[in-house]
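*Asks:* give me a 3D structure for the following:
(2 chains)
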Amino acid sequence: MTSRTREWALAASFVLPAVALMAVFIIYPSVKTLLLSFFDEQGSWVGLKNFITLLKNEDTLNLSRFPNTYPPWGSLIHNAVWIIIHLPVTVIFGMVLAVMLHKVKGGPFIKSVIFLGMVIPMIVGGVIIRFLFDENSGIVPLVMRALGSELLGKTWTAYPQTALMALIIGSIWLWTGFSLTMHAAGIATIPKELYEAADVDGAGSIRKFFRITVPMLTPVTSVVIAMTLLYEIKIFDVVYAATLGGPGGSSMVLSLQMYFYAFRRLDINLSSTVATLLTLFTVGVGIWLTRRNLKGEKA
Amino acid sequence: MKKLFVLVLCVLLPAALFAGGMTVVEEKPGLTIAVPWAGQELEQFLPVLEAFEEKEGVSVTALTYRAEDLSSILPAQFEAGQALADVIFMWEWWIKENPQYAADLSDVWASGRGAFIPSPIEAAGKTAGVPYVMVAKPGFWYRKSFFRRNGLSVPQTPDEFTSLLRRIGNISGIKNPIVTGDGVGWPISDVTEHFIIAAGGPDLQTSLINGEVSWTSSRVRTVFRDYLVPLLEAGAFSDPVEWTQAVELWWGGDYALYFMGNWLTGMVDDPSDLGIFPLPGAKGIVTGPDWAFIPRESEKVDMAKKLLTFMLSREGQLLRARQGGKFVIRNDIPASVYPANDQMVADVVSSMETTVADMDDTIGGDWQRVFWDQLKLLWVDPDSLDSVLRKLQAEMP
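*Replies:* Residues are numbered from 1 along each chain as shown, chains lettered A, B, ... in the order given. Now for the predicted structure:
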């Protein structure tokens, strides 16, 4: 055996066990799921029929109600709304909090408290959200009643107008800790000299934030955006615990819909179709992040 | 080469040992039984297990699981050759659709044949499941002391019922006359079925279950439009409240009436203060057993059969009846052994022309979830009646 062959054999011996496990537990199920989405229950090839059936189903896309009236709008739109609201709020909120708590007395303690939302299991987070917005025991309706709002003083998760928003707001509370922690770590790596130079030039706090902090945090922010997007696309446990996608499907999301198709309806093909759609979205996010990182390395 | 061989050995050997260690299953002594009850309901069942433990010298551990959660967990577990417990309580429709996972209980049933009121679940040529206890969903519970204090009386006609709700609504401190229990959705479906039976007749319930009548038919729409929706719009029902929290709030005086099954008798501080009335004019109510099966994958099928046999025996059923909260399934247990409140429910049941099956428990599948979810929507948005009925019909299996 030549030394090159020996090297390859050695490398293979390290890699093979992991590849074998990946093949069994990741690659095979993924390929099988993808294939199932193109077949029907009898095992016959149906092409894109499952995808068309899924997208035509008002549980997935209810354009007769969106955007004219309140949910249900379909799980696809619910996920999109989740992203549109949740993503910028958590990213910006986390960044601003990281700046505000940087080198502040008690800052580390406050950051730990905010990070608690990330530490608790999401299923517990969903239960907390249910009670946070409960008319009888929740603080949010209590405050809303004090402010004079009748609708918002009721149980948010019981009404189609407010169920989805309750989950999104609760999820912002749960996820902001991640954004805060990542940005705080990023801020710590920004060279002090940049800020000193800006001070010499007479720049104010706002100018320094937008001209130094934000650009320097771009790599971190990209990661936060990507991870948050993935979280929002795959959101399941919070919804399951808080509303089960109701009332009337007004807080249904793709992952939960996939779960119900698989384990309640026992329709593996339709469930695989949803899974394939979710995979496409997450792969899209992954490709965006990878290209961004590669661009950054080249620069 | 030698070095490579040694390296591979160092990697594979611990992996093999680890994997081998993973397959060693610790033998658990005694039996486990997965039940849908918790709190007071479970406490009412424990004396039966204790009596079996004393008799057979075998310990039994009761685990609480919701049927909704088991329906997703069990198939995968059984396919993997695992059994979550030695005796499992599940919905009737689930056991009927999955008899391949159940051991044959013909011998268990034969031990008391002739003494049982309902029939067992026969599927795939075997006795796949047996009933253990029965529940009734008799009507609206109230506190006698509350009625006395406010000069209220049990309504005998639909007009008196409406008038009662109006009077209760005017009492200071009352948020809504009727509290709506919630969870996954079954308390709402229970009260809805009571309205269907009372306003549409017991045969309408049965016809809907069998798919003989459409949810969008005028007959069904009339029940909702003329009986239930007006009460929802008038605020007679509260928003859905977590059902055990609802018990506390109702008992504490925030609400006057609570539609719930007879197990409520075991959940209040003073059962003697309980009163019950069905909707005036109702000719039927929902009753139904809690069903049990023994998974084929259980390692202790014979001992599990002994447990089930004991639970269904006269001795076991007598013990259970004395605890209250459920009705037993034997016809040789006198009504006098039940606590007073259960006798009160038994009186309501016997005053009915017939009993009918629970709709969502019988139809089952994903329709059950959709039924619960759509009713939650109807409760807070009565204007959505038409879309709710359309959805229910579209999702019928």
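
*Asks:* gap between A:Asn293 and chain B?
*Replies:* 32 Å (C-beta to the nearest C-beta, to the nearest Å). Heads up, the C-betas are built off the backbone N, CA and C, glycines and all.

*Asks:* and that residue, what helix or strand is that in?
*Replies:* For A:Asn293, the host element (DSSP states H and E) is helix A:268-298.

*Asks:* so which bits of that helix are buried?
*Replies:* Residues A:268-278, A:281, A:285, A:289, A:292 are the ones in helix A:268-298 that count as buried (16 or more other C-beta atoms under 10 Å in any protein chain shown).

*Asks:* swap in stretch B:146-159?
*Replies:* Going by neighbour count (16+ other C-beta under 10 Å), the buried part of stretch B:146-159 is B:Phe146, B:Phe147, B:Leu152, B:Val154, B:Pro155.

*Asks:* quick one, helices of the stretch 101-250 of chain A?
*Replies:* Using DSSP state H, counting those that start in this stretch, the helices found in the stretch 101-250 of chain A span residues A:107-119, A:122-132, A:139-146, A:163-188, A:192-200, A:205-208, A:214-216, A:218-234, A:237-242.

*Asks:* can you name the residue of chain A nearest chain B?
*Replies:* A:Gly248 (2.9 Å; C-beta to the nearest C-beta).

*Asks:* and that residue, how many neighbours?
*Replies:* 26 (other C-beta atoms under 10 Å in any protein chain shown).

*Asks:* okay, now the residue lying closest to it once chain neighbours are set aside: neighbour count?
*Replies:* Using C-beta to C-beta, 6 or more residues apart in numbering or on different chains and skipping the chain neighbours, the partner closest in space to A:Gly248 is B:Leu377 (2.9 Å). Neighbours of B:Leu377 under the rule other C-beta under 10 Å: 24.

*Asks:* name the element B:Leu377 belongs to?
*Replies:* Assigned by DSSP H and E, B:Leu377 belongs to helix B:365-380.

*Asks:* so for that helix, mean pLDDT?
*Replies:* Mean per-residue pLDDT for helix B:365-380: 95.

*Asks:* show me what counts as buried in the helix or strand following that helix.
*Replies:* Once the chain leaves helix B:365-380, the next helix or strand it forms, by DSSP H and E, is helix B:385-394. Neighbour-count burial for helix B:385-394 flags B:Leu385, B:Ser387, B:Val388, B:Leu389, B:Lys391, B:Leu392, B:Gln393 (criterion: 16+ other C-beta under 10 Å).

*Asks:* the first one touches B:Arg225, doesn't it?
*Replies:* Read that as B:Leu385. Yes: using C-beta atoms under 8 Å, B:Leu385 is in contact with B:Arg225, at 6.6 Å.

*Asks:* B:Thr61 belongs to a helix?
*Replies:* No: secondary structure of B:Thr61 (DSSP: H, G, I helix; E, B strand; the rest coil): strand, not part of a helix.

*Asks:* beta partners of it?
*Replies:* Beta bridges link B:Thr61 to B:Thr32, judged by DSSP bridges.

*Asks:* so who does it touch?
*Replies:* Residues in contact with B:Thr61 (C-beta atoms under 8 Å, 6 or more residues apart in numbering or on different chains) are B:Gly30, B:Leu31, B:Thr32, B:Ile33.

*Asks:* what residue is smack in the middle of chain B?
*Replies:* B:Asp290 (6.8 Å; C-alpha atoms, centre = their mean).

*Asks:* give me phi/psi at it?
*Replies:* Backbone geometry at B:Asp290, expressed as degrees, to the nearest 10, gives phi -90, psi 130.

*Asks:* tell me what it is bridged to.
*Replies:* B:Val133.

*Asks:* and the pLDDT for residue 284?
*Replies:* In the absence of a named chain, chain A is used. pLDDT, A:Gly284: 90.

*Asks:* wrong chain, I was asking about chain B
*Replies:* Confidence at B:Gly284, expressed as pLDDT, is 94.

*Asks:* with adjacent residues omitted, what lies nearest to it?
*Replies:* Leaving aside its chain neighbours, B:Gly284 sits nearest to B:Pro202 (3.2 Å; criterion: C-beta to C-beta, 6+ apart).

*Asks:* pretty sure the one you found is touching B:Glu353, no?
*Replies:* Yes: if you go by C-beta under 8 Å, B:Pro202 and B:Glu353 touch, sitting 7.2 Å apart.

*Asks:* more crowded one of those two?
*Replies:* B:Pro202 (20 against 10).

*Asks:* quick one: that one from chain A, how far?
*Replies:* B:Pro202 is 28 Å from chain A, by C-beta to the nearest C-beta.

*Asks:* with B:Trp186 instead?
*Replies:* Taking C-beta to the nearest C-beta as the measure, B:Trp186 falls 12 Å from chain A.

*Asks:* count the residues that sit near B:Met344.
*Replies:* There are 17 residues near B:Met344, going by other C-beta under 10 Å.

*Asks:* contact partners of stretch A:268-283?
*Replies:* Residues outside stretch A:268-283 that contact it (C-beta under 8 Å, 6+ apart): A:30, A:33-34, A:36-37, A:39-41, A:50-51, A:53-54, A:230, A:233-234, A:254-255, A:257-259, A:261-262, A:265.

*Asks:* residue ranges in the chain under the pLDDT threshold?
*Replies:* With no chain named, the answer covers chain A. By pLDDT under 70, the weakly predicted segments of chain A are A:1, A:296-299.

*Asks:* the intended chain is chain B.
*Replies:* Across chain B, the ranges flagged by pLDDT under 70 are B:1-29.

*Asks:* residue in it with the shortest distance to chain A?
*Replies:* B:Leu377 (2.9 Å).

*Asks:* ok, now which ones touch that residue?
*Replies:* A:Pro160, A:Gly246, A:Pro247, A:Gly248, A:Gly249, A:Ser250, B:Ser384, B:Val388 are the contacts of B:Leu377 under C-beta under 8 Å, 6+ apart.

*Asks:* which of those residues sits closest to B:Ala346?
*Replies:* When those are compared for distance to B:Ala346 (C-beta to C-beta), B:Val388 comes out closest, at 34.3 Å.

*Asks:* isn't that closest one up against B:Asp373?
*Replies:* No: checked against C-beta under 8 Å, the pair B:Val388 and B:Asp373 is beyond contact range at 9.6 Å.

*Asks:* quick one, phi psi at B:Thr64?
*Replies:* According to degrees, to the nearest 10, B:Thr64 has phi -90, psi 120.

*Asks:* can you count the residues close to it?
*Replies:* Using other C-beta under 10 Å, B:Thr64 has 12 neighbouring residues.

*Asks:* so it makes contact with B:Val35?
*Replies:* Yes: applying C-beta under 8 Å as the test, B:Thr64 and B:Val35 come out as touching, 6.1 Å apart.

*Asks:* which residues do the two both contact?
*Replies:* B:Leu42.

*Asks:* any bit of stretch B:72-86 sitting next to chain A?
*Replies:* Yes: using C-beta under 8 Å from any C-beta of the partner chain, stretch B:72-86 reaches chain A at B:Ser72.

*Asks:* and stretch B:49-58, how far out from the chain's middle?
*Replies:* 26 Å (C-alpha atoms, centre = their mean, to the nearest Å).

*Asks:* what of stretch B:47-60?
*Replies:* Centroid separation for stretch B:47-60 versus its chain: 25 Å, with C-alpha atoms, centre = their mean.

*Asks:* and that stretch, C-alpha only, in PDB?
*Replies:* Extracted in PDB, the C-alpha atoms of stretch B:47-60 (Å, rounded to 0.1, in the frame of the first residue of the first chain):
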ATOM      1  CA  PRO B  47     -57.800   1.200  45.800                       C
ATOM      2  CA  VAL B  48     -58.500  -1.300  43.100                       C
ATOM      3  CA  LEU B  49     -54.800  -1.600  42.300                       C
ATOM      4  CA  GLU B  50     -53.900  -1.900  45.900                       C
ATOM      5  CA  ALA B  51     -56.400  -4.800  46.300                       C
ATOM      6  CA  PHE B  52     -54.900  -6.600  43.400                       C
ATOM      7  CA  GLU B  53     -51.400  -6.100  44.700                       C
ATOM      8  CA  GLU B  54     -52.500  -7.600  48.000                       C
ATOM      9  CA  LYS B  55     -54.200 -10.500  46.400                       C
ATOM     10  CA  GLU B  56     -51.500 -11.400  43.800                       C
ATOM     11  CA  GLY B  57     -48.400 -10.000  45.500                       C
ATOM     12  CA  VAL B  58     -47.500  -8.100  42.300                       C
ATOM     13  CA  SER B  59     -47.000  -4.400  42.400                       C
ATOM     14  CA  VAL B  60     -48.800  -2.200  39.900                       C
END
